[in-house]
Structures are given as structure tokens and as C-alpha cells.
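Chemist: Dropping the sequence and predicted coords here.
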Amino acid sequence: MVFLPATPREKSTSIPSETEALVLTAHEMYSLGPNHLEKKIEKEYGVNIPQNTIYRILLTHGRVVICMRKMIALNGQDRWLIAFMDNSSRLITCFQGSKG
């Protein structure tokens, strides 16, 4: 038996126009974000469209704004925070972080 290494697949960057039209129509009807819109489209239309694809479609048409958390990740800044919480009161007892 011969085991071949997995070949990397290229990501499809083009989004079908039918998918784009469906996402824009559903966004106009329900006014939901990508996460909830994914579930609503799957329930109503029976089509599974990943939330990342929905986000890209809405972003290209100016329906959503870029999240600042994603902007920090895109800029390549490393930030971290360590926090110790008390289990019963959920009080943060101490923390340490970096500025990047």
C-alpha cells in the first residue's frame, strides 16, 4: 500500500453571482450579520453558505464595516493578556498584558 501526501487545494476566490444575489436579498429582508444570516439562509433556502463568504460579499458591497479585532490581526500586531479569575465571584484577581 502506497500513501501519497495530501495535495493542497487552491481556494476559490470567485463567488458565484447566484450566491451573491441570495446573500444580498437575505440581508435586505432580515438585516442580520454574517453569523446569523448563515443560519437563516440555511433554514429558509436550504443552501449552506459559509459565514466567511457571506462576510466577504457584504464587505464588498459596503453592507458591513471591518471589525477592529480583525484589523489588529491583519496588521500583524501580537497582543496578549493573561488574567486570573476567581471561579465563584468571576473577579479578575490579577492580569498581565502587552502593548504589541
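Modeler: Nice, thanks for sending it over.

Chemist: pLDDT weak spots in this structure?
Modeler: Counting by pLDDT under 70, the chain shows low-confidence ranges at 1-12, 67-82, 92-93, 95-100.

Chemist: Now the element after the helix ranked longest in it, going C-ward?
Modeler: Longest helix in the chain by number of residues (criterion: DSSP state H): helix 17-30. Downstream of helix 17-30, the next assigned helix or strand under DSSP states H and E is helix 34-45.

Chemist: ok, and what's touching that next one?
Modeler: Helix 34-45 is contacted by residues 22-23, 26-27, 30, 32, 47-52, 54-55, 58, 64 when judged by CB atoms under 8 Å, 6 or more residues apart in numbering. The way it works is simple: take the backbone N, C-alpha and C, and place the C-beta from them, glycine included.

Chemist: quick one, the next helix or strand after that helix and helix 17-30 angle?
Modeler: Sequence-wise, the next helix or strand downstream of helix 34-45 (DSSP H and E) is helix 51-60. Angle of helix 51-60 versus helix 17-30, following axes from the mean of the first three to the mean of the last three CA atoms, to 10 degrees, is 80 degrees.

Chemist: wait, what's in contact with residue 32?
Modeler: Residue 32 neighbours (CB under 8 Å, 6+ apart): 26, 40.

Chemist: And it, how far from residue 87?
Modeler: Relative to residue 87, residue 32 is positioned 35 Å away (CB to CB, to the nearest Å).

Chemist: Equivalent analysis for residue 25, please.
Modeler: Distance of residue 25 to residue 87, given as CB to CB: 47 Å.

Chemist: Those two: which is more packed in?
Modeler: residue 25 (12 against 6; other CB atoms under 10 Å).

Chemist: For residue 48, list the residues it contacts.
Modeler: Taking CB under 8 Å, 6+ apart, we find residue 48 in contact with 38, 42.

Chemist: Distance of it relative to residue 41?
Modeler: Distance from residue 48 to residue 41, by CB to CB: 8 Å.

Chemist: tell me the phi and psi of the residue nearest to residue 33 when sequence neighbours are not counted?
Modeler: The shortest distance from residue 33 to any non-neighbouring residue, by CB to CB, 6 or more residues apart in numbering, is to residue 64 (7.2 Å). In this entry, residue 64 is assigned phi and psi values of phi -130, psi 160 (degrees, to the nearest 10).
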